[in-house]
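[1] my questions are about this predicted structure, shown below with the sequence.
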4 protein chains.
Amino acid sequence: MTTPLTVAVVGAGYWGPNLARNFSSSPDWKLQAICDLDASRAAALAEKVGHVDVHTDLDELLARDDIDAIAVATPARTHHAVVLAALRAGKHVVVEKPLADSREHAFEMVREAEERGLVLMADHTYCYTPAVLKIRELVAEGALGEVLFIDSVRINLGLVQPDVDVFWDLAPHDLSIIDFILPGGLRPTAVSAQGADPLRAGKSCIGYLTVPLENGAIAHVHVNWLSPTKIRSMVIGGTKRTLVWDDLNPQQRLSVYDRGVDLDQQSIDGSDRAASTISYRLGDTWSPALPEHEALGAMASEFATSIRDARPARTDGLAGLRVLSVLEAASRSLDTGGAMQPVETDELAVVS
Amino acid sequence: MTTPLTVAVVGAGYWGPNLARNFSSSPDWKLQAICDLDASRAAALAEKVGHVDVHTDLDELLARDDIDAIAVATPARTHHAVVLAALRAGKHVVVEKPLADSREHAFEMVREAEERGLVLMADHTYCYTPAVLKIRELVAEGALGEVLFIDSVRINLGLVQPDVDVFWDLAPHDLSIIDFILPGGLRPTAVSAQGADPLRAGKSCIGYLTVPLENGAIAHVHVNWLSPTKIRSMVIGGTKRTLVWDDLNPQQRLSVYDRGVDLDQQSIDGSDRAASTISYRLGDTWSPALPEHEALGAMASEFATSIRDARPARTDGLAGLRVLSVLEAASRSLDTGGAMQPVETDELAVVS
Amino acid sequence: MTTPLTVAVVGAGYWGPNLARNFSSSPDWKLQAICDLDASRAAALAEKVGHVDVHTDLDELLARDDIDAIAVATPARTHHAVVLAALRAGKHVVVEKPLADSREHAFEMVREAEERGLVLMADHTYCYTPAVLKIRELVAEGALGEVLFIDSVRINLGLVQPDVDVFWDLAPHDLSIIDFILPGGLRPTAVSAQGADPLRAGKSCIGYLTVPLENGAIAHVHVNWLSPTKIRSMVIGGTKRTLVWDDLNPQQRLSVYDRGVDLDQQSIDGSDRAASTISYRLGDTWSPALPEHEALGAMASEFATSIRDARPARTDGLAGLRVLSVLEAASRSLDTGGAMQPVETDELAVVS
Amino acid sequence: MTTPLTVAVVGAGYWGPNLARNFSSSPDWKLQAICDLDASRAAALAEKVGHVDVHTDLDELLARDDIDAIAVATPARTHHAVVLAALRAGKHVVVEKPLADSREHAFEMVREAEERGLVLMADHTYCYTPAVLKIRELVAEGALGEVLFIDSVRINLGLVQPDVDVFWDLAPHDLSIIDFILPGGLRPTAVSAQGADPLRAGKSCIGYLTVPLENGAIAHVHVNWLSPTKIRSMVIGGTKRTLVWDDLNPQQRLSVYDRGVDLDQQSIDGSDRAASTISYRLGDTWSPALPEHEALGAMASEFATSIRDARPARTDGLAGLRVLSVLEAASRSLDTGGAMQPVETDELAVVS
């Protein structure tokens, strides 16, 4: 067994306790400290996870040389400053989603980490669930063939957020998952967004994202705060098989359908296209067993391994940057009534 | 009991037999004849529904003065010619969806019927199912409050059609239903469509339609020929309640949720909007019992009643025209990469 | 193609039309006549299925030498007389379930057929559905291992029958299916039945059957006329896999779970049995694709093949007799407050 | 706000921590101590719930006069001794289910508590879930009419227990719930049990209980450790409505069906009973909204209130005794091959 790495959690609000709990119970990590401007909140969390140190001053925390890494769970608008400070202090960093409040900020963070040879990881927690890890594996090994379409629905009666619209609140989950399962990551050239604010909340409460993918494929995301029924589903159609992920069905989260439409390509070039050139496969359905583990635990483990192996995390800063690039283009599309907007990717190329 | 009206069915292919069977068993109608270019096909159908007359010549049929009405189930591209001829012969007409192959054609048909004081009805069959009739009633009586959003999904492994894309094949169902349940009908000013053809079939096999409605509301339709799982669902969110129609759940097709998000309007005008101004209702769910009847039988009955009462049918020619207006705008949007395209409505105003 | 066999349907009430329609459209059969005491009912059915002959006198029908087989769909209490007459006239016979109104009657029928070398088949229609045929195949090839338990539920708001209780109305379906899928057929030595008549209808409207099987296995059947929700499910647990048949889920009727409990046999003999000697398998789930065909069509085909090959039908008279043996024992158990009652099997041995 | 009552938890194994956590967070209670023979286990739990006292000696604990009540979470075979000691020390007691390892033991405990005027409560936790509280309320207010049948299913791939069979492991949940929702409690005169041990585990792993209720009604319980699919459902059929509780459907746990079978009573007395005397109601379905709270918290609150109001708890010792009476009769029935066995109730009458 190797010596555990040491970590401190910055931010003891909503998500920080989850991070602290997982780092404190991980064999890969030794949780050293909790840092929060609110001393009592930090102290309460510190006691709960085993009497670790308490800090209210970030610089003081970063000055410690017995801390290898920082987990950031502060508000999104502070990620840029906190993360840059941590990187400049030589710490590896994992950041709650979204990576930053703008792709420009995210880009600076990614570059800083790269220049310093430090790991910058996006805490795209869903990517470390057993279901998404399995989907990634199935896509990678070609079980689905080429991806034809991805349709993601994430709706329920949700809290209308004061600061962000439904796209920025919910779609990062869908986009980070799609980025995770596509072999080359999510690298669209354009995106279209349609939103609605029928309650006059001052921001979209219902949103639809369309993301053209390579080779004529398409991804579509429906996010909605106003639905009384909860749906968390994703369909990934491939040339060989189609996978349905229904996250609210614990007895059968994943179903892989060996069914599909095959097109006789030759007849299409001719003039006599007809329905008869289409054939169907109506094969079996298969639902793989999934191991049971907590996603955040797997995330903590991946963070440790990427540091030890000096390699990018599976959800690295670039993944976070790609998600932000799509979200920013979506916001621009929304402002222009849904017209396709280019996704900025220049800097992505520079970095990677 | 009033004397039954008399009807002939034109077209003995896929849909004609369904029409013939329903007209022949309807107390409102006496089925007189079947007309088809293919004499043997017409004869086979005529025998099956009770030894009615057979015609292969449309003009001959229309010249008969013992026929009040014509039901048209020929290919869409022929609707314009057949219907105009029937109207000019003084017959009332019901037409299989889509009403015509273009809104221009449809407009001519609507105008012709209006000028002659004849009923022109679109056979939007789904509108006469017990579920949709109930939805229309609930919306009309205000049970849902104002409509905030409509989200319709109609996907399954479907036949890739030789002549039409997935929008023209499937979306007429969703659009005619939405037109039917909205008190003023479906009258959007613009529409956006996103499609994908990942199999290179030469047309969209996956489609997403966005239709902004009045007062910031939105309708969205997802049609898909490539999904291995079948979904036929529609969510109609209102200010008071939200209705979910799951057509594949015969034990509970309709669910009305007394749940929703309420916005404290005053706080929105102030500068300090916050999540605390939102409140949730988490009330009961209610599933109305639905009568059992065949939709086509109810359609035939409505056709008779509208003729007798000399009033437009509930799915009249204008309803068919509105659906075509949205579909044509959707096709234009598709050609321009999904940009919002105005829905032509000038002629609608003229007519109605 | 061989010459079709010829058949007449006796009984034009509820089930006769289904039989007539399937025989008339089967390539294996030529439907010759309909026989019913009610001449107009017989005539109406005869016209509908292609203008076949009409008889109101059974003897007259049976005297015809251009009829190979008889399909009986008369009330259960008449099966004995009708079938014996048909067999004595040299006709092969298929009989709607239940085979007879008592096992004694059934036994006479089985013996008569055997002595004359004629096919006597029970129309256990469910056995010829794609789902049940697949289950039989899976059990036969050992996919489930040894059967440990069968739990069958068949409940919904049903018609309280005037003549029979819920056991005799619904359980023949479950019992005939269990008989069909167990490699040796259903041959229990005893059966226990619990019933309830809370509405004072004069007979059980809710019933539970317990049937001990070989090697400590158990079958249990729940039939109920009073449930507002409809359930048609059967779970077949095996040493290797467990199969769940949910007949109301057309998208996934069969699910085969590669999950189970394994017992370390050695530890059981010792004195220190403990939970630690149990191990679980949590493997994948698999849902086989099922062909689409009408069960009655497959039944008609099996009837023809068994006649041609001079072999017992897969649901032969003995299968019908075994079902009746269990039902009669169940009725005796019911009369004695649920005590286990022996299932009479002597005659079964004599015959087979 | 009244002063909190004081409580100690005895037993720090599987269930004790849940009790300790709920008592420590309850406004009605002050948790004073944890007692367990294993000092380190007691200390770990004591620290986790707020540094309460630790005891390894029960007498020492019971000698404290700053403790009003004891919560017992030790193995079932020790309940009798621990509870009697606690009652004799003047403490109110709540006991994890089952109340005792025999009804004789339970009876002694009930009598002891009664003689001393102390509260003895059975921790039938499920009874305090929002769903069961609602069911009890609906039955009590007559929403279902008279109960006609109760069908409970509790199956999944479960741990084969070393000490108890599937009846004693799982059925206490079903029986205590049925006892809780029936206005007069569960007071059958007899019970029949059928079990199977197809894996040769030395005890029933599959079990069916039949419990005749008053007026011809029936309750039936299916418990099963060997099912790969998990079901937790209960159907309660009444003369007016039928309720279905599906505990694995968080979006609609309770459904109340306004459907049923009505019997025309007059025609039944006559000689001409027929299907036509039956009528169906096919009304709406209604799913009541349920509040969200943890069952154990509500149990703790009920324990406090029953002590303060000097009244029996809603799941008092007698409820626990009634459950044990049924279980013991079930075991006897099992030994006699499923014959109905009388449920001993003499002592129940004496006590209440």
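    Yep, that arrived. Numbers count the residues shown, from 1 in each chain, chains lettered A, B, ... in the order given.
[2] which is the next helix or strand following the helix or strand encompassing residue A:6?
    Using DSSP states H and E, residue A:6 maps to strand A:5-10. The C-terminal neighbour of strand A:5-10 among helices and strands, as given by DSSP H and E, is helix A:16-24.
[3] what comes into contact with that next one?
    Identification of contacts with helix A:16-24 by CB atoms under 8 Å, 6 or more residues apart in numbering or on different chains yields A:7, A:9-10, A:12, A:29, A:31, A:34, A:36, A:45, A:48-50, A:52, A:71, A:73, A:96, A:123, A:294, A:296-297, A:299-300. Yep, even glycine has a C-beta here, placed from its N, CA and C like the rest.
[4] give me that answer again for 7 Å
    Residues from elsewhere that reach helix A:16-24, judged by CB atoms under 7 Å, 6 or more residues apart in numbering or on different chains: A:7, A:9, A:29, A:31, A:34, A:45, A:49-50, A:71, A:73, A:294, A:296-297, A:300.
[5] flag every residue of the stretch 201-350 of chain A that's near chain C.
    Applying CB under 7 Å from any CB of the partner chain, we find that the stretch 201-350 of chain A lies next to chain C at A:252, A:282, A:283, A:284, A:285, A:286, A:287, A:288, A:289.
[6] wait, what's in contact with the fourth one?
    Same thing as residue A:284. A:258, C:286, C:287, C:288, C:289.
[7] buried ones in stretch A:292-306?
    The neighbour-count check on stretch A:292-306 (16 or more other CB atoms under 10 Å in any protein chain shown) flags A:294, A:295, A:296, A:297, A:298, A:299, A:300, A:301, A:302, A:303, A:304, A:306 as buried.
[8] and the third one, helix, strand or coil?
    Pointing back at residue A:296 there. Following DSSP: H, G, I helix; E, B strand; the rest coil, residue A:296 is assigned to helix.
[9] how far away is it from chain C?
    Per CB to the nearest CB, to the nearest Å, residue A:296 is found 22 Å from chain C.
[10] gap between that residue and residue D:294?
    For residue A:296, the distance to residue D:294 (CB to CB, to the nearest Å) stands at 23 Å.
[11] what do you get for the second one?
    With the distance defined as CB to CB, residue A:295 ends up 24 Å from residue D:294.
[12] and the first one, by the same measure?
    Applying CB to CB, one obtains 21 Å for the distance of residue A:294 from residue D:294.
[13] show me what contacts the nearest residue to residue A:22 once chain neighbours are set aside?
    Nearest non-adjacent residue to residue A:22, counting by CB to CB, 6 or more residues apart in numbering or on different chains: residue A:296, 4.2 Å away. Residues in contact with residue A:296, defined by CB under 7 Å, 6+ apart, are A:18, A:19, A:22, A:125.
[14] out of those, which is most surrounded?
    If you count neighbours using other CB atoms under 10 Å in any protein chain shown, the busiest of those is residue A:19, which has 28 neighbours.
[15] check which element follows the one helix or strand residue A:108 maps to along the chain.
    Per DSSP H and E, residue A:108 falls inside helix A:103-116. Per DSSP H and E, the first helix or strand lying C-terminal to helix A:103-116 is strand A:120-123.
[16] can you tell me what sits against that next one?
    Strand A:120-123 has contacts (CB under 7 Å, 6+ apart) with A:93-97, A:99, A:109-110, A:113, A:299, A:303, A:306, A:313, A:315-317, A:319-320.
[17] quick one: average confidence on it?
    The average pLDDT within strand A:120-123 is 98.
[18] centre of the chain versus that strand, how much separation?
    Its chain's average C-alpha position is 10 Å from that of strand A:120-123, according to CA atoms, centre = their mean, to the nearest Å.
[19] repeat for stretch A:8-19
    With CA atoms, centre = their mean, you get 18 Å for stretch A:8-19.
[20] average pLDDT across it?
    pLDDT averaged over stretch A:8-19 gives 96.
[21] quick check: buried residues in it?
    A:8, A:9, A:10, A:11, A:12, A:15, A:16, A:17, A:18, A:19.
[22] roughly how far does the nearest residue to residue A:89 once chain neighbours are set aside sit from residue D:300?
    Distances taken as CB to CB, 6+ apart put residue A:62 closest to residue A:89, at 3.8 Å, once the chain neighbours are dropped. Residue A:62 sits 45 Å away from residue D:300, taking CB to CB as the criterion.
[23] next secondary structure after the least confident helix or strand in chain A by mean pLDDT?
    Lowest mean confidence among the helices and strands of chain A (mean pLDDT, DSSP states H and E): helix A:265-269, at a mean of 48. Once the chain leaves helix A:265-269, the next helix or strand it forms, by DSSP H and E, is strand A:278-287.
[24] partner strands of that next one, parallel or antiparallel?
    Sheet pairing here is set by DSSP bridges, and for strand A:278-287 it gives strand A:254-263 (antiparallel), strand C:278-287 (antiparallel).
[25] so which of those strands gets nearest residue C:209?
    strand C:278-287 (28.0 Å; CB to CB).
[26] mean confidence score for the closest one?
    Confidence for strand C:278-287, expressed as mean pLDDT, is 87.
[27] what does stretch A:217-227 contact?
    Applying CB under 7 Å, 6+ apart, the external contacts of stretch A:217-227 come out as A:147-158, A:160, A:166-167, A:170-171, A:174, A:178, A:205-213, B:148-149, B:196, B:198, B:206, B:208, B:235, B:237, B:261.
[28] which parts of that stretch are buried?
    If you call a residue buried by 16+ other CB under 10 Å, then stretch A:217-227 has these buried ones: A:217, A:218, A:219, A:220, A:221, A:222, A:223, A:224, A:225, A:226, A:227.
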